[in-house]
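> Would you be able to build a 3D model of this:
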Amino acid sequence: MPGTTQNTAADWTLEQADTDACERLARALCADGRGRVDDPEWVDRARDGWDELPLPLRRALRRFRRYSGPHGTLVIGGLPVDGASLPPTPAVPGSVQRRATVPAALLTMVACGLGEPLAYRAEKSGALVQDVVPVPGQESFHGNAGSVPLSFHSENGFHPHPPDYVVFLCLRADHDGIAGMRVAGIRQALPLLTPASREALFAPEFLTAPPPSFGTDASGAEPEPTPVLSGAAEDPDIRMAQLVTTPLTPRAAAALAEFGRACEASARSLRLTPGDLVVIDNRVTVHGRTAFRPRYDGADRWLQRTYVTTDLRRSRDHRPDDGHVLAR
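A predicted model of the protein is given here:
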């Protein structure tokens, strides 16, 4: 792969010339000062911008799109985040990025290269680019506003149209450098499961509710029993969140517990630094977070996140006016 690894998280790092090219392109998307991340016209411009990104970046993402590898995760270092001009880390509930910025432009271009950006109206007010930051008073919240350990989950597995990819860009690391994004892929965990557990996980004997970030009225309907694993027996997809997936039978409970242990045994912890781009294949990989200590001084850990679907058409009945936001 091009570049060299510069920290413990990145699989490889962009050469400086490619970093500079990414920054020029992102700034061009923000040049007139009127860009709004959620405007369809701006997303169209970002989609065109994808074609101009440096070849090593596009090639790596294209290969990942075809096969996401043994871990279902790709980390690329060296993306520009305009660190000198970053405002204080947001510290309010529901924080999102509506205005076009260099990081938001990069996230949207990458999303358009992987597929199409996606959002859910019930979560973070349907913003395409969302802040993942600690919020005062929500330290124990089991979601992106908290700072306690976050258990393994696939993103929005309760929904009929979960994202295929989750993309994060690190703008700031935590003060102590201890926060770890934990990832565990089914391709590593599956060999650790017994045949009985595999069979149970493929059975529709689990209920997965919306996560706390969706509030109390997210789906409008009671969840129906579904399997945790589906698809090819040798390379299945996952829909599971340890906090909100409930087993309905004794064998399902035993299998879910064994799956959790397999995830723990095969997990990796990524300590991100500014400019690290993380792409998670949400179909085959669960993720979580270790605990960290926020200071609420304007320089706390700050990630930005966007969701990606490889087939926007399949959710057309959930998206008013053929937009990028699922209304239900």
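> Could you list the low-pLDDT ranges of the stretch 51-200 of the chain?
Flagging of the stretch 51-200 of the chain using pLDDT under 70 yields an empty set of residue ranges.
> Ignoring the adjacent residues along the chain, who's closest to Leu303?
Of all residues not flanking Leu303 in the chain, Val132 sits nearest, at 4.0 Å (Cβ to Cβ, 6 or more residues apart in numbering). Backbone N, C-alpha and C define where each C-beta goes, glycine included.
> ugh, wrong one, I meant Met181
Distances taken as Cβ to Cβ, 6+ apart place Leu270 nearest to Met181, at 4.5 Å, with adjacent residues excluded.
> Test my guess that that neighbour contacts Val183.
Yes. In this structure, Leu270 is within contact of Val183 by Cβ atoms under 8 Å, at 6.6 Å.
> between these two, which one's more packed in?
Neighbours around Leu270 and Val183, counted as other Cβ atoms under 10 Å, are more numerous at Val183. The numbers are 24 against 21.
> Who does that one form a beta bridge with?
Arg268, His287 (DSSP bridges).
> for Ile280, same thing?
On the basis of DSSP bridges, Ile280 is bridged to Thr73, Val166.
> what does Trp12 give?
Ile76.
> and the gap between it and Pro56?
From Trp12 across to Pro56, the span is 8 Å (Cβ to Cβ, to the nearest Å).
> same deal with Phe152?
Noted for Phe152: a distance of 31 Å to Pro56, by Cβ to Cβ.
> Which of those two has more residues huddled nearby?
Neighbour comparison, Phe152 and Pro56: the larger count goes to Phe152, with 23 against 16 (by other Cβ under 10 Å).
> give the contact list for the residue nearest to Met181.
If you count contacts by Cβ atoms under 8 Å, 6 or more residues apart in numbering, Leu270 has them with Thr8, Ala9, Thr73, Val75, Gly180, Met181, Arg182, Val183, Asp276, Val278.
> Next, give phi and psi for the residue nearest to Leu303.
Main-chain torsions, Val132, degrees, to the nearest 10: phi -110, psi 100.
> okay, now it: neighbour count?
Neighbouring residues of Val132 were enumerated by other Cβ under 10 Å; the total is 21.
> mind checking how far it is from Thr310?
In terms of Cβ to Cβ, Val132 sits 23 Å off from Thr310.
> One more: Glu52?
22 Å.
> Secondary structure element holding Ala122?
When elements are defined using DSSP states H and E, Ala122 is found to belong to no helix and no strand.
> Mutual contacts of Leu270 and Val183, please.
Between them, Leu270 and Val183 share these contacting residues under Cβ under 8 Å, 6+ apart: Thr73.
> Tell me the confidence at Asn272?
Just so we're on the same page, residue 272 is Leu rather than Asn. The predicted local distance difference test score for Leu272 is 97.
> again with the one 3 residues further on
The model reports Gly275 with a pLDDT of 97.
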